[in-house]
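*Asks:* build me a structure from this.
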Amino acid sequence: MKDIHEGDCGNHTGGRALLMKILRIGYFWPTMRKDVMSYSQRCDACQRHCNILHQPGETLYLMVSSWPFMKRGMDIVGKLPKALGGKVFTLSMNDYFLKWIEAEAFVQVREKEVISFIKRNILTRFGIPAEITCDNGSQFIGNRTTNFCEAWGIKMITSTPVDPQANGQAKSSNKIIINNLKKKLESKKGKWAEELSFVLWAKRPTTKMQLVRHHSR
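*Replies:* Numbers count the residues shown, from 1 in each chain. Down below sits the predicted model:
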């Protein structure tokens with residue numbers, strides 16, 4: 001339980017997700033559900049950095065994505081504590097169908113970094129998405145990024161300043177990444193860029209992520 005929860009491939013997942021991970025790799029014992037739930041609730045890092053909701057509940061609206069890698073949400077987080085190479089931002093893209101996340105650390109995020117990220121992490125690995133949802137940041141709506149997306153037939157959908165929740169999928173994914181980095185690093189915040197790929201790696205082997213491997217074949 002300790003190795004899967006907080007080891008090299010651990011992601012400080014909650015009790016139910018931890019239980020499913022342990023079952024998938026072939027372990028079972030009669031009291032495992034009770035033991036796993038109790039173990040995750042006693043984790044100090046999870047208790048310190050768990051989500052605390054301050055907003056009242058709202059009506060949920062369906063965001064339709066008909067197939068894997070069709071629709072993606074893109075967002076930036078920063079500034080973060082300065083990491084190796086002066087990196088203080090993350091740029092991430094999240095798939096609406098499978099919740100598969102691609103993220104990378106940057107010193108700064110301009111149009112050329114956005115375009116390079118899409119080419120390197122999306123187009124050459126998963127193909128051309130039909131839609132990308134993002135906010136109104138200049139690096140997303142500038143001429144260079146707009147022309148690039150038009151050339152590849154990608155529709156850019158921007159959320160309005162009064163309704164940033166329209167890009168809630170990407171923002172939710174970023175929150176998960178940041179919280180998991182906090183749990184893993186705690187006082188070693190300057191090493192977040194080095195740990196980012198391990199956080200993504202630990203998040204991906206979930207039930208939904210198995211569809212990615214099947215789809216890619």
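*Asks:* strands of this structure, start to end?
*Replies:* 71-77, 89-95, 101-106, 131-134, 155-158 (DSSP state E).
*Asks:* give me the neighbour count for the closest residue to Leu19 other than its chain neighbours.
*Replies:* Nearest residue to Leu19, sequence neighbours excluded (Cβ to Cβ, 6 or more residues apart in numbering): Val36, at 4.6 Å. C-beta: built from backbone N, CA, C; applies to glycine. Counted with other Cβ atoms under 10 Å, residues neighbouring Val36 total 23.
*Asks:* now do Val36 against Glu6, distance only.
*Replies:* Counting by Cβ to Cβ, to the nearest Å, the separation of Val36 from Glu6 is 13 Å.
*Asks:* next one: Pro129
*Replies:* Pro129 is 34 Å from Glu6, by Cβ to Cβ.
*Asks:* out of those two, which sits in the more crowded spot?
*Replies:* Pro129 (23 against 18).
*Asks:* could you pull up the residues touching the more buried one?
*Replies:* 69-72, 122, 154 (Cβ atoms under 8 Å, 6 or more residues apart in numbering).
*Asks:* domain assignment for the chain?
*Replies:* Here the domain assignment for the chain is 1-48, 71-204, based on the TED database.
*Asks:* tell me which of those is the most buried.
*Replies:* Highest mean neighbour count of those: domain 71-204, a mean of 17 (counted as mean count of other Cβ atoms under 10 Å).
*Asks:* show me where pLDDT drops low in the protein?
*Replies:* The model of the chain has pLDDT under 70 over residues 8-11, 49-67, 160-170, 184, 186-189, 205-217.
*Asks:* measure the residue of the chain most remote from its centre to Ala17 for me?
*Replies:* Distance from the C-alpha centroid of the chain, by Cα atoms, centre = their mean, peaks at Pro30 (33.4 Å). Per Cβ to Cβ, Pro30 is found 20 Å from Ala17.
*Asks:* picking that back up, out of the contacts of Pro129, who's nearest Ser172?
*Replies:* Among the contacts of Pro129, Arg72 lies closest to Ser172 (Cβ to Cβ), at 13.4 Å.
*Asks:* for that closest one, give the beta-bridge partners.
*Replies:* Per DSSP bridges, the residues bridged to Arg72 are Asp95, Ile132.
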